[in-house]
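Chemist: Quick one, fold the following:
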Amino acid sequence: MSGARAIDWELLLDRLSTLYGRGDWRVPYLRDHAEDPFQVLIGTILSQRTRDEATSAASARLFARFPDAPSLARATPREIEPLIRACGFYRTKARVLPACARELLERFGGEVPQDLGSLESLPGVGPKTANCVLVFGYGLAGMPVDTHVHRIANRLGVVRTRTPEETEVALRKVVPVRYWLPINPVLVQHGQNLCRPLRPKCPECPIASLCATGLALRTGRRPPRPSDAPPPTRRPRRSRPQPRSVAGRRAAGRRPGP
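Modeler: Next up is the predicted model:
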């Protein structure tokens, strides 16, 4: 955390929410419109190393046939695989998903737990998935960190971390709890649009003035992440003047022309 900088999170969320038309982030929308915690859990496991559109299609097919823990617990990998084939590591997930559903039934009476420790004890569940269940399944304060949130937090300069897991721990220390709910959906959308992995669109970004990377690139300084530095400009190679006379060519070690 050495070198991390403070940031005005309220201003940041205001500007990004306005840009993406998310309404007032202060309204606890997630708490009032929480999704089915079981489907959030299973859908987030499916989303691991998978594009959003593939996750959505696979989740729809899976839940049309196995909508709850009892039905998924009875499913076989052979039944699940064709439904989720578009997902990364679909064979592994086809084994993990019914195992996760069985543990929900055996250990938690079929209910998805509401604490990180219990959630992370389930098959296929890591820190990001557990936090997604808290935020999107129950409307509880959590800090889901995917590659977008990890990248943007480091570009902002509020953390100095190497992995999303480290970023989650660091953000919990520097972000006030009242901002935890809206951070993930807002930063993920920003990472998909302007703050992209390669060539971020800093001139179009409404939070560039709050961002260590945006400020550095604007003033010609080094950004927090070396990979965000612009490539060095190459000076045009100056050609040596060619002697025109025979004597000049001889002096330069060249044979005179005919």
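Chemist: Would you tell me which helix is longest in this protein?
Modeler: What stands out as the longest helix in the chain, according to DSSP state H, is helix 90-108.
Chemist: which secondary structure elements does the helix or strand just after it contact?
Modeler: Toward the C-terminal end, the helix or strand that comes next after helix 90-108 (DSSP states H and E) is helix 116-120. Helix 116-120 is packed against helix 127-132, with contacts defined by 3 or more C-beta pairs under 8 Å, 6 or more residues apart in numbering; DSSP states H and E. The way it works is simple: take the backbone N, C-alpha and C, and place the C-beta from them, glycine included.
Chemist: could you say what helices and strands the helix it packs on packs with?
Modeler: Using 3+ C-beta pairs under 8 Å, 6+ apart as the contact criterion, the neighbours of helix 127-132 among helices and strands are helix 37-47, helix 116-120, helix 164-174.
Chemist: Recalculate using a threshold of 6 Å.
Modeler: Packed against helix 127-132, as judged by 3 or more C-beta pairs under 6 Å, 6 or more residues apart in numbering; DSSP states H and E, are the following elements: helix 37-47, helix 116-120.
Chemist: in the protein, which helix or strand is least confident?
Modeler: Across the helices and strands of the chain, mean confidence by mean pLDDT, DSSP states H and E is lowest for helix 29-32: a mean of 52.
Chemist: Most tightly packed of the helices and strands packed on helix 127-132?
Modeler: The highest mean neighbour count among the helices and strands packed on helix 127-132, using mean count of other C-beta atoms under 10 Å, belongs to helix 37-47: a mean of 23.
Chemist: Contacts for that helix next, please.
Modeler: Here helix 37-47 makes contact (C-beta atoms under 6 Å, 6 or more residues apart in numbering) with 55, 58-59, 63, 69, 87, 112, 124, 129, 132-133, 136-137.
Chemist: hmm, back to that, arrange the helices and strands packed on helix 127-132 in JSON lines, one row each, with mean pLDDT as further columns.
Modeler: Compiled in JSON lines, the helices and strands packed on helix 127-132 are given as follows (pLDDT from 0 to 100):
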{"stretch": "helix 37-47", "mean pLDDT": "95"}
{"stretch": "helix 116-120", "mean pLDDT": "97"}
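Chemist: Looking at those helices, spot the one closest to P223.
Modeler: Shortest distance between P223 and these, using C-beta to C-beta, is found for helix 37-47: 29.1 Å.
Chemist: now the closest one and helix 90-108, what's the angle there?
Modeler: Note on geometry: by axes from the mean of the first three to the mean of the last three C-alpha atoms, to 10 degrees, helix 37-47 and helix 90-108 are set 150 degrees apart in direction.
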